[in-house]
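Asks: the following block contains a protein sequence and its predicted model.
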Amino acid sequence: SGSLDQGNIVGLISFEFRMPVFTIHTPSASPSGGDPAAGAVFVREGFSRLAFLFGPLWLLWNRRWLAFGLWFLAFACVFFAIRRLGFSPALMPAYYFGVGLLLGLEAPVLRPAALAGRGLALSDIAVAENLREAEITWFARRRSATVPASALAPTLTVAVHPARAVPPVGLFPDVPSSRP
């Protein structure tokens, strides 16, 4: 009978058009008294492939000493458990994959936390194709916010007349006016 083809749901759900999100962290006050935007740091949000693939090296490169120490301690515990307690050595790749996955997911949280410790606060969010476009978008938005509106639009002069004693218009015309 007359069935209607409703298409393929996989074609409707596409992840190709996601744009990266960048958080912008700026110092609360510039040490030289200049514009705090000069010290802005852009952090790309999302899964970190480098942290997933090269976990301990990524931690050292990004100066996450405490996180590296915890990674090393956990690695030593798993190594000890494998050697001394008779666990299968096949657990080591599973451990490394699990910790790598955790680092890949948590990397976007580690960097802003370190920036906050250095006195840089989250000031804005930009959505752009890449870091360059995020910077252009943010600085343009910041510039337009600091330029006075009178410089952007022509001035409009409106003649204002003083209020006249007019009877109220509406549902209650019999109510005495409070105007002089």
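Replies: Arrived safely, thanks for sending.

Asks: mind checking the SS state of Phe87?
Replies: Local secondary structure at Phe87 is given as coil here, using DSSP: H, G, I helix; E, B strand; the rest coil.

Asks: quick check: closest non-adjacent residue to it.
Replies: Ala81 (5.2 Å; C-beta to C-beta, 6 or more residues apart in numbering). Any C-beta I mention is one placed from the backbone N, CA and C, and that applies to glycine too.

Asks: next one: Asn62
Replies: With sequence-adjacent residues excluded and distances taken as C-beta to C-beta, 6+ apart, Asn62 is closest to Arg111, at 6.7 Å.

Asks: in which helix or strand does that neighbour reside?
Replies: With elements taken from DSSP states H and E, the one containing Arg111 is helix 91-117.

Asks: which other helices and strands does that helix contact?
Replies: strand 21-27, strand 41-44, helix 49-53, helix 55-61, helix 65-84 (3 or more C-beta pairs under 8 Å, 6 or more residues apart in numbering; DSSP states H and E).

Asks: and the angle for the first one with helix 91-117?
Replies: Orientation note: strand 21-27 sits at an angle of 50 degrees relative to helix 91-117 (axes from the mean of the first three to the mean of the last three C-alpha atoms, to 10 degrees).

Asks: relative to Thr23, how far out is the residue nearest to Asn62?
Replies: With distances taken as C-beta to C-beta, to the nearest Å, Arg111 is found 9 Å from Thr23.
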